[in-house]
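Peer 1: Here is the input, now give the coordinates:
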Amino acid sequence: MPNAATPARLIIGISGASGAIYGVRLLELLRPTSVETHLILSQTARLTLAHETGLKPAAVEALADVVHGHADLGAACSSGSFRTLGMVVAPCSIKTMSEIATGVTPNLLSRSADVVLKERRRLVLMLRETPLHLGHIRSMAAVTEAGAILYPPVPAFYARPASIAEMVDHTLGRVLDLFDIDLGTVQRWGGMPGRKAPV
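Peer 2: Below is the predicted model of the structure:
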């Protein structure tokens, strides 16, 4: 457990897949909490951010407590001795997942994910790609066998979301559940309406 000398840290990776809003909103949700966020933006993520959200990288970086350069393999989070709760890659491209699955990690984003796995910490990959071919599926199996959790951002319609923002928040709330962080964004399933609760 983190103590006064070791804050609760979560690494947030944003790769170049579609769905940059997931990483941005995750940073926004964690901003007012005691969780120290460490952001890694891939070069392609910078392009996706501009296209999908209109946000400049500097605006997204301002949401994080600490920002690490994508090429900075000497950053703190490249070492297992740097204690964290784990890492979320939101969104996660097939390229990034494949690097993690093979252990061939040429940049800080995939290297940090590799470190999280080797230290047996929690790694959640919000994989964004469809349709999938067999090579993708084999990489998905390999990264799962290594200990990662694949969490494609599939919306939960039972919550009857009224907006894209509600769908994003619900999905991210479920991702944060995996780290025992509850920010109140999840509409919890309580059974079908009208059914009696079990005695």
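
Peer 1: Could you grab the helix/strand/coil label for the residue positioned nearest the centre of the chain?
Peer 2: For the chain, the residue nearest the mean C-alpha position is residue 88 (2.5 Å; Cα atoms, centre = their mean). Assigned by DSSP: H, G, I helix; E, B strand; the rest coil, the conformation of residue 88 is strand.

Peer 1: so how far is residue 113 from the nearest residue to it once chain neighbours are set aside?
Peer 2: Of all residues beyond its chain neighbours, the one nearest residue 88 is residue 124 (4.7 Å), with distances taken as Cβ to Cβ, 6 or more residues apart in numbering. Backbone N, C-alpha and C define where each C-beta goes, glycine included. Per Cβ to Cβ, to the nearest Å, residue 124 is found 10 Å from residue 113.

Peer 1: about what we covered before: ok, and what's touching the helix or strand the residue nearest to residue 88 falls within?
Peer 2: Taking DSSP states H and E as the definition, one finds residue 124 inside strand 122-127. Here strand 122-127 makes contact (Cβ atoms under 8 Å, 6 or more residues apart in numbering) with 17, 19, 22, 85-92, 94, 96-97, 100, 113, 116-117, 140, 143, 147-153, 175, 178-179.

Peer 1: And it, how far out from the chain middle?
Peer 2: 5 Å (Cα atoms, centre = their mean, to the nearest Å).

Peer 1: again, but for stretch 121-137
Peer 2: 12 Å.

Peer 1: what about it, how long is it end to end?
Peer 2: End-to-end distance for stretch 121-137: 23 Å, by Cα to Cα, to the nearest Å.

Peer 1: What's the mean pLDDT across that stretch?
Peer 2: In this model, stretch 121-137 has a mean pLDDT of 97.

Peer 1: Quick check: buried residues in it?
Peer 2: 121-129, 136 (16 or more other Cβ atoms under 10 Å).

Peer 1: just the strands in the protein please.
Peer 2: Secondary structure of the chain by DSSP state E: the strands cover 9-14, 36-41, 66-68, 86-92, 122-127, 149-150.

Peer 1: Would you list the strands that the strand holding residue 124 pairs with, along with their directions?
Peer 2: Taking DSSP bridges as the criterion, strand 122-127 forms sheet pairs with strand 86-92 (parallel), strand 149-150 (parallel).

Peer 1: now the angle from the longest one to strand 36-41?
Peer 2: If I follow you right, that is strand 86-92. 40 degrees (axes from the mean of the first three to the mean of the last three Cα atoms, to 10 degrees).
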